[in-house]
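**Student:** need coordinates for the below:
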Amino acid sequence: MSLQIGSVHVPENVVLAPMSGVTDLPFRQQVRQFGGHLVVSEMIASDAMTRIQRHEKEVRKMHGDCAAESPLSVQLAGTEPEEMAEAAKMNEARGAMIIDINMGCPAKKVTKGYAGSALMRDEKLAADIIKATVDAVSVPVTLKMRLGWDDDNRNAPKLARIAEDLGIAMLTIHGRTRCQFYKGDADWDAIALVKDAVSIPVLGNGDVNSEEDAKELLERSGADGVMIGRGAQGRPWFLAQVSHYLATGKKLPAPTLEVQLQTILRHYDAMIDHHGRQGVRIARKHLAWYCNSLRNATEFRRVVNVLDDPAEVKNQIRSFYEPLIENEIKLDQAAA
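**Tutor:** Residues are numbered from 1 along each chain as shown. Model prediction:
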């Protein structure tokens, strides 16, 4: 099942969510190894893009050729319409196929500056940002938001109509309010209220951790597709599994441990190449997610979390996975 986002055709309706500190270039590359899914960058602060003095972390988020990742959506966050417009232009020039506006991030460091989901409390400013961004570029502009600021202010359907009228090409709705953060269950039924309010495509987001979750979200919300965030952590192949299930009703098994090992090593090398020495530290959370359900994972994490030499870490990864691979092969042979 595909998506039509303005002028951009995307072959799959399963999309990788933007996650700060997670969906960097190395992780997006691993997801793309398993299928042609639309991937969304980490949130980039618009003011960091437009200032001469850029923060090193933001510069790494902007690193690379957007066109080489096609289809790639670049997500921007900010509170100044002019800065958002300028940042959108810069990313269009870098080859981004889609610009996404962040009005969904619940983090205090974002909302205290009135960006992210705080913009849902100021519909006038939200509209000004949307209009400035849409008018600044020729590529489609999309919007990601929550149900509202809190349960007394669930204004997502109203803001969705405003966004559509101003030229937004697609909406993504996380099924929680800002004040919920990530507590409780995502309200997939409430996403249906947004879907009913607009004619542009709507993606549902929140708590998609299995193929069945994705199917149920689509059934309950009527959404055109799903955006997957935390469910893909440690499973860059998960989007491909969900796409296959939605298309066929059949489950794809997870990759063999041998394939997983090669994926992890490739991902690790990419993180070191992209982030430099900081990549060793950044990689630790990814390694923890990859091995989460495997035997002796706790001991493996304890060892690699104190290593600073990339070569030593890779040796530990191989030492951890190779016995598990041998055992998997023996079990497969016995079952044959």
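
**Student:** and residue 302, how far is that from residue 177?
**Tutor:** With distances defined as CB to CB, to the nearest Å, the gap from residue 302 to residue 177 amounts to 38 Å. C-beta here means a position set from N, CA and C on the backbone, and glycine is covered the same way.

**Student:** can you give me the helices for the stretch 151-300 of the chain?
**Tutor:** Secondary structure of the stretch 151-300 of the chain, counting by DSSP state H, counting those that start in this stretch: helices at 156-165, 188-197, 211-221, 238-248, 257-275, 278-290, 297-304.

**Student:** quick one, what contacts residue 187?
**Tutor:** Taking CB atoms under 8 Å, 6 or more residues apart in numbering as the criterion, residue 187 is in contact with 147, 175, 176.

**Student:** can you pick the most crowded of those?
**Tutor:** The most neighbours of any of the contacts of residue 187, using other CB atoms under 10 Å, belong to residue 147, which has 28 neighbours.

**Student:** that residue contacts residue 190, correct?
**Tutor:** Yes: applying CB atoms under 8 Å, one finds residue 147 in contact with residue 190, separated by 5.3 Å.

**Student:** which elements pack onto the longest helix along the chain?
**Tutor:** In the chain, ranked by residue count with DSSP state H as the criterion, the top helix is helix 310-335. Counting contacts by 3 or more CB pairs under 8 Å, 6 or more residues apart in numbering; DSSP states H and E, the secondary-structure elements packed against helix 310-335 are helix 257-275, helix 278-290, helix 297-304.

**Student:** as a markdown table, those with distance to residue 152 and mean neighbour count would be great.
**Tutor:** Written out in a markdown table, the entries for the helices and strands packed on helix 310-335 read as follows (distance: least, CB to CB, whole Å; neighbours: other CB atoms under 10 Å):
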| stretch | distance to residue 152 | mean neighbour count |
| --- | --- | --- |
| helix 257-275 | 42 | 18 |
| helix 278-290 | 35 | 18 |
| helix 297-304 | 42 | 14 |
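
**Student:** need those in TSV (columns: distance to residue 88 and mean pLDDT).
**Tutor:** Formatted as TSV, the entries for the helices and strands packed on helix 310-335 read as follows, by distance: least, CB to CB, whole Å; pLDDT from 0 to 100:
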stretch	distance to residue 88	mean pLDDT
helix 257-275	24	97
helix 278-290	27	97
helix 297-304	39	97
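
**Student:** by contact count, what packs against the host helix or strand of residue 92?
**Tutor:** Secondary structure here is read from DSSP states H and E; on that basis residue 92 sits in helix 81-93. For helix 81-93, the helices and strands in contact under the criterion 3+ CB pairs under 8 Å, 6+ apart are helix 46-50, strand 72-77, strand 98-103, helix 123-136.

**Student:** redo that, cut-off 6 Å
**Tutor:** Helix 81-93 is packed against helix 46-50, strand 72-77, helix 123-136, with contacts defined by 3 or more CB pairs under 6 Å, 6 or more residues apart in numbering; DSSP states H and E.

**Student:** could you pull out the buried residues of it?
**Tutor:** Using 16 or more other CB atoms under 10 Å as the test for burial, helix 81-93 gives 81, 83, 84, 85, 86, 87, 88, 89, 90, 91, 92.

**Student:** likewise stretch 73-80?
**Tutor:** Judged by neighbour count (16+ other CB under 10 Å), stretch 73-80 contains these buried residues: 73, 74, 75, 76, 77, 78, 79, 80.

**Student:** can you add pLDDT and give these back as JSON lines?
**Tutor:** Written out in JSON lines, the entries for these read as follows (pLDDT from 0 to 100):
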{"residue": "73", "pLDDT": "95"}
{"residue": "74", "pLDDT": "94"}
{"residue": "75", "pLDDT": "95"}
{"residue": "76", "pLDDT": "95"}
{"residue": "77", "pLDDT": "92"}
{"residue": "78", "pLDDT": "92"}
{"residue": "79", "pLDDT": "92"}
{"residue": "80", "pLDDT": "93"}
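
**Student:** turn the residues you listed into TSV, columns for distance to residue 298.
**Tutor:** Shown next, in TSV, are the buried residues of stretch 73-80 (distance: CB to CB, whole Å):
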residue	distance to residue 298
73	36
74	37
75	34
76	39
77	36
78	41
79	43
80	46
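
**Student:** much appreciated, bye for now.
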